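*Asks:* Kindly generate the corresponding structure for this input.
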Amino acid sequence: MNLHFEPTYILYALAALFFAWTIFKRRGDISSAEARKLVSEGGARLLDVRTPGEFASGHLDGALNIPVQDLSASLKKVGPKEKPVVVYCASGARSAMAARLLKANGWQTVRNLGSMSRW
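*Replies:* Below you'll find the model as predicted:
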């Protein structure tokens with residue numbers, strides 16, 4: 001049996017995998033309802049890790065803006081490590097990085113909403 005793969009088919013397959021990965025990352029690890037409840041009833045800090053320009057163009061009410069690239073230098077602004085944090089961004093990629101950083105620095109409850117559009 002002689003298998004022959006066209007380069008365009010490989011590119012299509014890679015594009016489909018990338019698209020599926022971005023959709024998965026956009027979802028985060030908490031539902032919209034759970035995130036809203038954790039913020040409203042659980043006292044969670046809502047953390048927006050987008051750029052200041054993105055934040056100024058629209059954000060979730062009550063969110064604190066610390067861009068992901070500045071987060072390691074601004075950890076004290078997030079608040080007590082015992083207080084839950086719900087983190088979000090535009091696509092879910094930066095919020096996933098921020099969630100890992102917060103967990104690595106001792107925050108006990110960090111949830112990644114993913115994309116802000118999921119709120």
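*Asks:* alpha carbons only for contacts and neighbour counts from here, please
*Replies:* Noted.
*Asks:* Would you mind naming the helix or strand containing the spatially most central residue of the chain?
*Replies:* Closest to where the C-alpha atoms of the chain average out (CA atoms, centre = their mean) is Ser95, at 2.4 Å. Ser95 is part of helix 93-104, with elements assigned from DSSP states H and E.
*Asks:* what packs against that helix?
*Replies:* helix 7-27, strand 85-89, strand 110-115 (3 or more CA pairs under 8 Å, 6 or more residues apart in numbering; DSSP states H and E).
*Asks:* let's go with 6 Å and repeat that
*Replies:* Using 3 or more CA pairs under 6 Å, 6 or more residues apart in numbering; DSSP states H and E, the elements in contact with helix 93-104 are strand 85-89.
*Asks:* Tell me the strands beside the strand it packs on, with direction?
*Replies:* Using DSSP bridges, strand 85-89 pairs in its sheet with strand 45-48 (parallel), strand 110-115 (parallel).
*Asks:* how distant is it from the center of its chain?
*Replies:* Relative to its chain's centre, strand 85-89 lies at 6 Å (CA atoms, centre = their mean, to the nearest Å).
*Asks:* Just the C-alphas of it, formatted as PDB.
*Replies:* The C-alpha trace of strand 85-89 is given here as PDB (Å, rounded to 0.1, in the frame of the first residue of the first chain):
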ATOM      1  CA  VAL A  85      -9.900  34.500  42.000                       C
ATOM      2  CA  VAL A  86     -11.700  34.200  38.700                       C
ATOM      3  CA  VAL A  87      -9.500  35.300  35.800                       C
ATOM      4  CA  TYR A  88     -10.400  36.100  32.200                       C
ATOM      5  CA  CYS A  89      -9.000  37.600  29.000                       C
END
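*Asks:* Kindly state the beta-bridge partners for the residue nearest to Val87 when sequence neighbours are not counted.
*Replies:* Nearest residue to Val87, sequence neighbours excluded (CA to CA, 6 or more residues apart in numbering): Leu47, at 4.6 Å. For Leu47, the beta-bridge partners are Leu64, Val87 (DSSP bridges).
*Asks:* show me the contacts for Leu47.
*Replies:* Residues counted as contacts of Leu47 (CA atoms under 6 Å, 6 or more residues apart in numbering) are 63-64, 87.
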